[in-house]
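**Q** make a model of this:
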Amino acid sequence: MSEIKQLYNSMLSSALWIAAEEAAVAGTDFGHWLLEQNSLSRRFEQHCTRFTVSLDEQVTVEPAYLQADERQLLGASACLLRKVTLKGDGVPWVFARTLIPETTLTGQEQDLAQLGDMPLGFRVFTDRSARRDALMIANVGSKEAPIWARRSRLWLNDKPLLVAELFLQDAPIYKETSRWK
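**A** Numbering: from 1, shown residues only. This next block holds a predicted model:
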């Protein structure tokens, strides 16, 4: 993984997550991006000619690798760790880190381990059982120059996975977005 992606990973790992309700982002020009309940990938697709995902890393990690709050949300299971970069017209928009417990990778959901460069959102949000909870927000930049991130737990057939997304500087979230609401 490149140095820049290691930096992104470090930013996500050190984020001070706060509940979405406490983040005071609702009603802002960018808040609707952070509070999106459906597929962020589908939403990004509407803002570019070509939306792609690059698989940066995919490995299995032991429960000790997880932070305490991640174990609390997912349980103490080994997880498939998937790191990707979401791009609009070749420009990196989001660095995402997904943890999928091995217990989730059973039955219908075993295909989650084979997504490759397919966006997770395209798979998850085609499933009627899909839902999102535990939405948290973080500013990993400064008050003057925010770098926004969000983390949420997704459920498929009552099986959890945890997705953290870092919105990079060229992402539509930082552009004039009021016309896209």
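
**Q** R151 pairs with what?
**A** Listed by DSSP bridges, the beta-bridge partners for R151 are M136, A164.

**Q** G88 too?
**A** Residues in beta-bridge contact with G88 (DSSP bridges): F51, V91.

**Q** check I18 too.
**A** Residues in beta-bridge contact with I18 (DSSP bridges): I137.

**Q** give me the neighbour count for it.
**A** The tally of other residues near I18 (other CB atoms under 10 Å) stands at 13. Where you see a C-beta, it was placed from the backbone N, CA and C, and this is true even at glycine.

**Q** roughly how far does it sit from L12?
**A** As judged by CB to CB, to the nearest Å, I18 and L12 stand 15 Å apart.

**Q** got it, and E57?
**A** The gap separating E57 from L12 is 13 Å, by CB to CB.

**Q** these two: which has the busier surroundings?
**A** L12 (20 against 12).

**Q** for the more buried one, list the residues it contacts.
**A** L12 is in contact with 95, 97, 140, 149, 151, 164, 166, counting by CB atoms under 8 Å, 6 or more residues apart in numbering.

**Q** secondary structure element for it?
**A** Using DSSP states H and E, L12 maps to helix 3-13.

**Q** do D56 as well
**A** Here D56 sits within strand 51-61, counting by DSSP H and E.

**Q** which strands or helices does that strand pack on?
**A** helix 40-45, strand 79-88 (3 or more CB pairs under 8 Å, 6 or more residues apart in numbering; DSSP states H and E).

**Q** now do the shortest one: distance to the chain's middle.
**A** Distance, stretch centre to chain centre, for helix 40-45: 12 Å (CA atoms, centre = their mean, to the nearest Å).

**Q** could you do the last one as well?
**A** On the basis of CA atoms, centre = their mean, strand 79-88 sits 8 Å off its chain's mean C-alpha point.

**Q** average pLDDT across it?
**A** Strand 79-88 shows an average pLDDT of 97 in the prediction.

**Q** with the first one instead?
**A** Regarding helix 40-45, the rounded mean pLDDT is 91.

**Q** done for today, thanks.
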